[in-house]
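Novice: Sharing a model that was predicted from the sequence below.
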2 protein chains.
Amino acid sequence: MTDDIKTAAMLAIGDELLSGRTKDKNIGHLADVLTLAGIDLKEVRIVGDEEDAIVEALNALRTRYDYVFTSGGIGPTHDDITADAVARAFGVPCTHDAEAMRLLGEMYARRNMEFSEARQRMARMPEGSRHIPNPVSTAPGFIIGNVYVMAGVPQVFQAMVDNVIATLPAGVRVLSQVIRCPYGEGDIGTALAAVQDAHPSTSIGSYPKFDGERFSTELVVRSRDKDALEAAAAAISTMIEKIAEQKQAIQAERGHPAEPV
Amino acid sequence: MTDDIKTAAMLAIGDELLSGRTKDKNIGHLADVLTLAGIDLKEVRIVGDEEDAIVEALNALRTRYDYVFTSGGIGPTHDDITADAVARAFGVPCTHDAEAMRLLGEMYARRNMEFSEARQRMARMPEGSRHIPNPVSTAPGFIIGNVYVMAGVPQVFQAMVDNVIATLPAGVRVLSQVIRCPYGEGDIGTALAAVQDAHPSTSIGSYPKFDGERFSTELVVRSRDKDALEAAAAAISTMIEKIAEQKQAIQAERGHPAEPV
């Protein structure tokens, strides 16, 4: 464990994400895993299967964050251009990796299947890459510099993320505490801003929920400091109790409940 | 309807999307709606509730694409900073909009509720903005330049998108045809690349599916030209038939089925 907080970005690649045909499941998964590992996911981008767009996004993200994780575009078909784009971003050739050729060749030989030109495309990676093992379907992801290139199929992406995350130094986890609040943001906003001001080493998020009729709120306090977290959470609970008392007073005066929004 | 193809980007704003706490539902929804409207979604970014990050992403996207749609950060709490960030990106003041104050004031008066300082925050927008009506919970989104600023709560986001999309000129829709292929990408990759080369006015996407044991593929042909679309789709069907014949020949020779991957 290290005190040095690492930052990360994700680049999800694929026309299908931008056309709506595929609803991404990898961003939320990576976000969960990084949060547990104490690594701060700071930015996500989604681009299509266009080499210029991938190169530009990758170069912007890899110079700014400690780690960049990509998903998609490393299969055997013509629209899988991630390996070429990553190689171009790093200014190195994209070639058939000898070890990946061996792994894939053996796998297809075991299955009595042709190791076709298309399948050999899955062995291509930027020169100097290290593998990310793929326990699901053999074809490896790869690591070059601070960029981790993984598959888009969620089962494969998740298996690769498991293999990658185990190799990264764990950071100090961000602790969080959820406080459910029966009142909408309009009822609590001013008081909550004061709590945030009074507890600057925490980050307090307010997430409105709408059940079709009424708003309520989930308040999430996040901090790497346990004592600060607990102090802020206690202050929020006190705040909610006070608002409840105020509402009861209003209700008693009017003879009917006040509506939350 | 116009022949002029419009491009769009989305900027989803919120720490909760980057921590994994909330799994975004708005990106996929907007992608679906834009595809139906014939508008090309080219890029998506997700950033946290940090003014600098929002300003930078917004300025990058709004100069590059015809439309930018944002989600999140326009509620009444301290972490709702989208209006301020958008105003800063456009170099205009962020003020309480008179018409939004009136709408919200009337709504809270009808409900016998206090129009609190926090609730008044929802009337703030960059000077010169136009409203995006919010039939769900009144507080409007807003439009400034080519930027459409909407709520993050999915029910509200979707209602605002419905209101916005009706005001945009419809483009020529991208037509698509899905061809389900029982073979994995490794079996079809080389032949499929040849089909793509022979049909340059279409875009052929290959989406591997993994059922836990085997890969199959969904092939999606997209084009704004109906004849080109049908020609490419027919070529893909022929390609799949040929691969099936080859597999049957191999099976007859070996006496057992070939495994697809």
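Specialist: Yep, it's here.

Novice: got the buried residues for the worst-scoring helix or strand of chain A on mean pLDDT?
Specialist: Within chain A, no helix or strand scores below strand A:203-210, which has a mean of 89 by mean pLDDT, DSSP states H and E. Under the neighbour-count criterion of 16 or more other CB atoms under 10 Å in any protein chain shown, strand A:203-210 has A:203-208, A:210 buried. For glycine as for every other residue, the C-beta is placed from the backbone atoms N, C-alpha and C.

Novice: same thing with stretch A:240-255?
Specialist: Neighbour-count burial for stretch A:240-255 [16+ other CB under 10 Å]: A:240, A:243, A:247.

Novice: Pull the distance from that stretch to the chain's centre.
Specialist: Mean-position distance between stretch A:240-255 and its chain equals 41 Å (CA atoms, centre = their mean, to the nearest Å).

Novice: pLDDT on that stretch, on average?
Specialist: Confidence over stretch A:240-255 (mean pLDDT, whole number) is 87.

Novice: Need the CA coordinates for that stretch. PDB is fine.
Specialist: C-alpha atoms of stretch A:240-255 as PDB (Å, rounded to 0.1, in the frame of the first residue of the first chain):
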ATOM      1  CA  ILE A 240     -31.500  15.300   8.300                       C
ATOM      2  CA  GLU A 241     -33.000  15.100  11.800                       C
ATOM      3  CA  LYS A 242     -33.200  18.900  12.000                       C
ATOM      4  CA  ILE A 243     -35.000  19.100   8.600                       C
ATOM      5  CA  ALA A 244     -37.400  16.400   9.800                       C
ATOM      6  CA  GLU A 245     -38.200  18.500  12.900                       C
ATOM      7  CA  GLN A 246     -38.800  21.600  10.800                       C
ATOM      8  CA  LYS A 247     -41.100  19.600   8.500                       C
ATOM      9  CA  GLN A 248     -43.000  18.300  11.500                       C
ATOM     10  CA  ALA A 249     -43.400  21.800  12.800                       C
ATOM     11  CA  ILE A 250     -44.700  23.000   9.400                       C
ATOM     12  CA  GLN A 251     -47.100  20.000   9.200                       C
ATOM     13  CA  ALA A 252     -48.400  20.700  12.700                       C
ATOM     14  CA  GLU A 253     -49.100  24.300  11.800                       C
ATOM     15  CA  ARG A 254     -50.800  23.500   8.400                       C
ATOM     16  CA  GLY A 255     -52.500  20.300   9.400                       C
END
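
Novice: all strands in chain A, in order from the N-terminus.
Specialist: For chain A, the strands defined by DSSP state E cover A:7-13, A:40-47, A:67-71, A:94-96, A:124-126, A:130-132, A:141-144, A:147-150, A:175-181, A:203-210, A:215-223.

Novice: just to revisit the earlier point, restricted to helices, list the buried residues of stretch A:240-255.
Specialist: A:240, A:243, A:247 (DSSP state H).

Novice: Using a markdown table, lay out those residues together with distance to chain B.
Specialist: Formatted as a markdown table, those follow (distance: CB to the nearest CB, whole Å):
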| residue | distance to chain B |
| --- | --- |
| A:I240 | 14 |
| A:I243 | 11 |
| A:K247 | 10 |
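
Novice: Out of those residues, which is nearest to A:A193?
Specialist: A:I243 (13.7 Å; CB to CB).

Novice: ok, that closest one - contacts?
Specialist: Residues counted as contacts of A:I243 (CB atoms under 8 Å, 6 or more residues apart in numbering or on different chains) are A:183, A:187-188, A:191.

Novice: Does A:T202 touch A:A232 like I think?
Specialist: Yes - counting by CB atoms under 8 Å, A:A232 is a contact partner of A:T202 at 4.3 Å.

Novice: joint contacts of those two?
Specialist: Counting by CB under 8 Å, 6+ apart, the residues touching both A:T202 and A:A232 are A:221, A:223.

Novice: and the residue nearest to A:A193 when sequence neighbours are not counted, how many neighbours does it have?
Specialist: Nearest non-adjacent residue to A:A193, counting by CB to CB, 6 or more residues apart in numbering or on different chains: B:H78, 3.8 Å away. The local packing of B:H78 (other CB atoms under 10 Å in any protein chain shown) involves 20 other residues.

Novice: what are the phi and psi angles of B:H78?
Specialist: phi -60, psi -30 (degrees, to the nearest 10).

Novice: With A:A8 as the reference, measure out to the residue positioned nearest the centre of chain A.
Specialist: Taking CA atoms, centre = their mean, the centroid of chain A lies closest to A:A31, which sits 2.7 Å from it. Note on A:A31: its distance to A:A8, by CB to CB, to the nearest Å, is 10 Å.

Novice: go on, A:E127?
Specialist: 24 Å.

Novice: which one of the two has more residues nearby?
Specialist: Shown here are A:E127 and A:A8; by other CB under 10 Å, A:A8 has more neighbours (24 against 12).

Novice: Contact partners for the closest residue to that one other than its chain neighbours?
Specialist: For A:A8, ignoring the flanking residues on the chain, the nearest one in space by CB to CB, 6+ apart is A:Y67 at 4.3 Å. A:Y67 is in contact with A:6-9, A:39, A:146-148, A:168, counting by CB under 8 Å, 6+ apart.

Novice: Show the buried residues in these.
Specialist: For the contacts of A:Y67, buried by 16+ other CB under 10 Å: A:6, A:8-9, A:39, A:146-148, A:168.

Novice: Make TSV from those and add distance to B:K23 and pLDDT to it.
Specialist: Shown next, in TSV, are the buried ones among the contacts of A:Y67 (distance: CB to CB, whole Å; pLDDT from 0 to 100):
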residue	distance to B:K23	pLDDT
A:K6	23	95
A:A8	18	98
A:A9	18	98
A:I39	19	95
A:N146	26	98
A:V147	24	98
A:Y148	21	98
A:L168	23	93
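
Novice: ok so, going back, considering the strands of chain A, which stretch scores lowest in mean pLDDT?
Specialist: Among the strands of chain A, strand A:203-210 scores lowest, at a mean of 89.

Novice: Identify all contacting residues around that strand.
Specialist: By CB under 8 Å, 6+ apart, strand A:203-210 touches A:184-185, A:188-189, A:192, A:195-196, A:215-223, A:232, A:236, B:15-16, B:21-22, B:49, B:75, B:77-80, B:136-137, B:153, B:155-156.

Novice: Quick check: neighbours shared by A:A31 and A:A8?
Specialist: Counting by CB under 8 Å, 6+ apart, the residues touching both A:A31 and A:A8 are A:L41.

Novice: isn't A:I143 right next to A:P133, touching?
Specialist: No - with contact defined as CB under 8 Å, A:I143 does not count as touching A:P133 (11.1 Å).

Novice: Between these two, which is the more surrounded one?
Specialist: Neighbour count, other CB under 10 Å: between A:I143 and A:P133, A:I143 has more, with 20 against 14.

Novice: Who does that one form a beta bridge with?
Specialist: A:R130, A:Y148 (DSSP bridges).

Novice: Which among the contacts of strand A:203-210 count as buried?
Specialist: A:184-185, A:188-189, A:192, A:195-196, A:215-223, A:232, A:236, B:15-16, B:21-22, B:49, B:75, B:77-80, B:136-137, B:153, B:156.

Novice: The closest residue to A:K23 other than its chain neighbours: how many residues sit nearby?
Specialist: Leaving out its chain neighbours, the residue that sits closest to A:K23 by CB to CB, 6+ apart is B:G28, at 4.1 Å. When neighbours are defined as other CB under 10 Å, B:G28 has 15 of them.

Novice: Could you pull up the residues touching the residue in the stretch 151-261 of chain A positioned nearest to chain B?
Specialist: Per CB to the nearest CB, A:G189 is where the stretch 151-261 of chain A lies closest to chain B, at 2.5 Å. Taking CB under 8 Å, 6+ apart as the criterion, A:G189 is in contact with A:206, B:75-78, B:116-119, B:121.
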